[in-house]
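Trainee: Okay, here's the prediction I keep looking at, along with the sequence it came from:
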Amino acid sequence: MPAPRKYPLELRERAVRMYRTAEPKPVIRRMAEELGVQHEALRNWIRQAEADAGERDDMLTTAEREELAALRKENAQLKRANEVLQTASAFFAAQLCATRRDVDREVVRDHVRRAVAAA
């Protein structure tokens, strides 16, 4: 479960919209003070909105971030499943080897019995 957001989503959207529509662009620090938010938070919201709009190439879009998180989660699940399968494979291989050893012993004993009986 993700951590609760410090600022409501509505405030974030409104702040970004205000910044993007303002001419000339306001100073982020001053605008953040007026809105009662941290200036770094506002700066990050603006940068993310620019990435989502395709105006920035140095950041992932929100959709890409969500996809990356989902892929990381799936990858972790697949790694856990692979570990379980490897452990099960080793267990069954050990059981198979023990069974083969028992069969091999019986074959050798039977061969010896036949050799002794033939002599």
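Mentor: The structure has been received and is ready for your questions. Numbers count the residues shown, from 1 in each chain.
Trainee: only C-alpha atoms for contact and neighbour calcs from this point on.
Mentor: Will do.
Trainee: any idea which helix or strand carries the residue positioned nearest the centre of the chain?
Mentor: Central residue of the chain (C-alpha atoms, centre = their mean): R72, 1.7 Å from the mean position. Per DSSP states H and E: R72 is located in helix 62-118.
Trainee: Repeat that for R47.
Mentor: helix 39-52.
Trainee: can you tell me how far the closest residue to R43 other than its chain neighbours sits from N75?
Mentor: By the measure of C-alpha to C-alpha, 6 or more residues apart in numbering, the closest residue to R43 outside its immediate chain neighbours is I28, 6.7 Å from it. Going from I28 to N75 by C-alpha to C-alpha, to the nearest Å gives 39 Å.
Trainee: So between these two, which is more surrounded?
Mentor: I28 (17 against 12; other C-alpha atoms under 10 Å).
Trainee: N44 is in contact with that one, correct?
Mentor: No - in this structure, I28 is not within contact of N44 by C-alpha atoms under 8 Å, at 10.5 Å.
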